[in-house]
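Enquirer: fold the following, please.
(chains A, B and C)
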Amino acid sequence: MNANVSKQGVWNWLDERLGLHVVSDLLAHKRVPVHRHTVWYYLGGMTLFCFLIQVGTGILLLLYYRPTAEAAFESVEFIMTEVPFGWLVRSIHSWAANLMIFFAFVHLFSVFLLRAYRRPRELTWISGALLLFLSLAFGFSGYLLPWNQLAYFATKVGTDILGEIPLVGDWLLQIARGGDDVTGATLTRFFGVHVAVLPMMATFFLIVHLVLVQKHGMSVPISQKRKDCPQMPFVPSFALRDLVGWTLALGLLVTLASVFPWELGVKADPLAPAPAGIRPEWFFMFMFQTLKYIPGKVFFIDGELLGILIFAVGGAAMVLVPFLDRKARHEQRNLLFTVIGWGVIVYIVAFTILGYLS
Amino acid sequence: MSIGDQLHETRQSFSRRGFLNTLLGSSIAGLLGAVVYPLARFIVPPQQPEAATSQVVAARVGDLLPNSGKIFLFGKDPALLVLTNAGEYRAFSATCTHLDCTVQYRDDLKHIWCACHNGHYDLNGNNIAGPPPRPLALYDVAVRDDHIIVTRT
Amino acid sequence: MNIMQGFGSRVYFIALIGVMVVLWGRTVTAQTGNSCVDCHAGLTIERLRTPAASFTEDIHYQKEFSCQDCHGGDPSTGHDAERAHDRAKGFRGAPRPSEIPALCAGCHSDVELMKRFNPKLRVDQMLEYRSSHHGKALAEGDDHVATCTSCHGIHGIRPIGDSRSPVYRTNVSTTCGECHGNDAHMRPYGIPTDQAQQYRSSVHGVKLLDEGDLAAPTCNNCHGNHGATPPGLSSISQVCGECHANNRDFFNASPHKAAFAELGLADCIICHGHHDIQFSTDAMLGVGEDALCITCHAEGDNGYIAAATMASALDTLKLTLAEAHTKIQRAQRGGVKVAGGRFDLHDADAALIKARTAVHHFNVEKFRAIIDEGLASARIVIDQGDRALNDLRMRRVGLAFTIPLILLVAVLLTLKIRQIERSRIHR
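Expert: Presented below is the predicted three-dimensional model:
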């Protein structure tokens, strides 16, 4: 058999068996609208880039991490001090986690303000909202894994709040903690969730999200629809620009990891008093700060419970936005939603800052 | 522009493109190398393959003579391995419970002694004389093949 | 009902009441079966009532001894006080202070007797007591000195291991201080009364009374219990050396031993005080303001020079140790582990502790030897710290190499984009 071992030959062989031409056709024909708000199109990819970094560094950390209360802290210390470039992998993992959540929020708000959730992209929005919740869950579960004092007590407080939910609260708390208290059982549970359950769910929703984006293409904001915007080919124009962004993001991560290495702290000691200055990670800070401002009792409802309810309703509303914004269905701008959007952004930023000031 | 000029420009742009391509290609290759190198180093396990927290190989059979002791490191804490006259291995934390000096085995006294303030411990770790207020922590010793393995809880 | 029956029932009724009163009277007093305790417990005079009340707590009561074993008399006479207190039956009332040691020794020096109750108890307390200042004064007719009951209690005596006993370790200084801290009581003897107070704030007092370290000494450790006497001049360093063995050995081999003996100075006490011993500080060594060496040594003499040399060697060690500690901290904060760092630092810190004991050699060479050991360990640590900090620097170098590379790629990609798009426009 005369095998033609050229690039074209290899391609043809694979294509015949895997149907690669479907993908290559899609990429060749994919176009991205060029207008004032095109820059926001890059944010989804940035979030994806951070996610891929997390998967990569996460798998590497798995080679040395031990998910038990006795060995977790020491294993992370081992990674930081004994494993070559362990400090780099671990710090990048911690920084990229925060960067990913940051980009996810910005991506969400830009999509919201540009009304990219309009028909027929409702499911894209819903899968994206769920991905945001999943990334918050990733953050919360991952935070505990080094098993240090701050993480231990932050988890205690966080799961306590879970227990406040009426009816199912206690049950949820038991399931989250693997018992009554935060123990080694909690750690093992969080670990399983962090490396298996959440990745599985995230992969699923990510595939749905990405396939839908390819199917429907990039949404053009209502304001730009009047003009007939030029298009740039995805390959190579958009893709190369994406790559520039990713390269710069890599540079940022490496710099942050080297100049501000992520702290390890001291090993968790359940018997010691809670350290001063426990606080949740920044992406939960605004909720934490809000709960602090709600008075202990509002009419007959417990203040914390009211807070949780408000956030639950807010979260549900966020998921259902495409169905709530009637005007968007008719391709009309909606000042109310713009105001709400900006209002939420200001609220989150302000309360996060407040949380750190206090 | 004349055809000749256009051709010239095209040829120039080709060579410029070629130059850019080469440069781009080699810098990307360099970046990839700078990324892969640390990852490759990371995957290769270090000399000490795991954090010695609860178990450590203290010595090999034959390292110690009867009625002698040896200091070894347990993680970052000093520990003492003793081979008694009767041929039994005992292991203790070597941090004196008085002021944290490192204790030693005295073959003349046949028990453990701290040089700083004359503290004495028996071979069960109990503080028998001098200022130490508490006994030394006792560790488990097991001999596997010719390794002496010390475990602490 | 006829008159005979009525009369009988009234007699019966009165007899019944009478029996009930007697029985009731019986129940009011304690059912000890010991009429001494029973009777005295019901008395109104406090001085006579409290012994009966506290006696049930007494170890002797628990060992089934009773009042008559010390006081004599007859406990079986019911409530007949005269017959109970019959001198013919051996009743002696409350013994005088001068009689007490002999009274207690009657049992407590009897080996065969004590063996039956508690074989490990000593039986030579009387012997010791006679040799003590208290015992000698008592023999000369001084009734104001301590006897057995002054320290052990009278009717509520507890074993010495019972924390409520006045002679339990942590209570000893208070008990001794009852007399020795009382100005009025001690005036005839001309002894100062500030010992207990001084002891309370001394390092031994703080360790025993505040920190609960039962290894710390109290009055009886240095002065003895029953043979209480201040240690003689020649025995002070022996007494201190019971615990501070190294200090004693070094001191005894040092030039100060002979010098102090010649000058009639008390060994350890001259520099450290006795009841008021404080934590020794490094400032005590050397030729500075608070230093003790210059009390005797004049500027320029051998001792002065030696003191200055040792003080400066100690300072050098402390500075080097501080440097080592800082290096390790910096490295650790940057996330770099210092190989074996904390272990070697441990040894270096131990050398500082040993050095402070080694001062008692009062010999520059021997002192220097310990200091040099410590310096060597500290320098190893500093080396390791330097290497760790170097590692940290290498990370920066790596970054300085990687960032330009990344920026280069980003710039080249941008140029590539521009190039591609320009050529597309041309096409």
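Enquirer: sketch out the low-pLDDT regions of the chain for me.
Expert: No chain specified, so I'll use chain A. Scanning chain A for pLDDT under 70 picks out A:1-4, A:226.
Enquirer: should've been chain B
Expert: Within chain B, the stretches with pLDDT under 70 are B:1, B:9-10, B:12-14, B:49-53.
Enquirer: for it, what lies in contact range of chain C?
Expert: Taking Cβ under 8 Å from any Cβ of the partner chain as the test, the list of chain B residues beside chain C reads B:13, B:16-17, B:20-21, B:23-24, B:27-28, B:30-31, B:34, B:73, B:76-78, B:95, B:99-102, B:115-118, B:130-131, B:133. No exception for glycine: its C-beta is placed from N, CA and C like everyone else's.
Enquirer: go again using 7 Å as the cut-off
Expert: Within chain B, the positions near chain C by Cβ under 7 Å from any Cβ of the partner chain are B:17, B:20, B:23-24, B:27-28, B:30-31, B:34, B:73, B:76, B:78, B:99, B:101-102, B:115-118, B:131, B:133.
Enquirer: can I have the buried ones of the residues you listed as a PyMOL selection?
Expert: Buried residues within the residues of chain B next to chain C, by 16 or more other Cβ atoms under 10 Å in any protein chain shown, are selected in PyMOL with:
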select buried, chain B and resi 20+23+24+27+28+30+31+78+101+102+115+116+117+118+131
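Enquirer: put the alpha carbons of the helix or strand where residue C:52 lies into CSV.
Expert: Assigned by DSSP states H and E, residue C:52 belongs to helix C:46-55. Provided in CSV are the C-alpha atoms of helix C:46-55 (Å, rounded to 0.1, in the frame of the first residue of the first chain):
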residue,chain,number,x,y,z
GLU,C,46,-16.5,26.9,119.9
ARG,C,47,-13.1,26.0,121.1
LEU,C,48,-14.5,22.7,122.4
ARG,C,49,-16.8,22.0,119.5
THR,C,50,-14.6,22.5,116.4
PRO,C,51,-12.2,19.6,117.2
ALA,C,52,-15.1,17.2,117.1
ALA,C,53,-16.4,18.6,113.9
SER,C,54,-13.0,18.6,112.1
PHE,C,55,-11.9,15.3,113.5
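Enquirer: how about the spatially closest residue to residue B:90 that is not a sequence neighbour, secondary structure?
Expert: Leaving aside its sequence neighbours, residue B:90 sits nearest to residue B:82 (Cβ to Cβ, 6 or more residues apart in numbering or on different chains; 4.7 Å). Of the three states, residue B:82 takes strand according to DSSP: H, G, I helix; E, B strand; the rest coil.
Enquirer: you'd agree residue B:82 is up against residue B:67?
Expert: No - applying Cβ atoms under 7 Å as the test, residue B:82 and residue B:67 come out as separate, 8.7 Å apart.
Enquirer: which of those two has more neighbours?
Expert: Shown here are residue B:82 and residue B:67; by other Cβ atoms under 10 Å in any protein chain shown, residue B:82 has more neighbours (23 against 16).
Enquirer: just the ones of the residues of chain B next to chain C in strands?
Expert: Members of these lying in strands (criterion: DSSP state E): B:73, B:78.
Enquirer: give me the subset of the residues of chain B next to chain C touching chain A.
Expert: Within the residues of chain B next to chain C, nothing lies near chain A by Cβ under 7 Å from any Cβ.
Enquirer: out of the residues of chain B next to chain C, list just those in helices.
Expert: Mapping the residues of chain B next to chain C onto helices (DSSP state H) picks out B:17, B:20, B:23, B:24, B:27, B:28, B:30, B:31, B:34.
Enquirer: list the buried residues for the helix holding residue C:52?
Expert: For helix C:46-55, the neighbour count (16+ other Cβ under 10 Å) marks C:50, C:51, C:52, C:55 as buried.
Enquirer: that helix: what's the following helix or strand?
Expert: Downstream of helix C:46-55, the first helix or strand assigned by DSSP H and E is helix C:59-62.
Enquirer: before we move on, back to that, dump the buried residues of helix C:46-55 into CSV; add pLDDT as well.
Expert: Formatted as CSV, the buried residues of helix C:46-55 follow (pLDDT from 0 to 100):
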residue, pLDDT
C:50, 88
C:51, 87
C:52, 84
C:55, 87
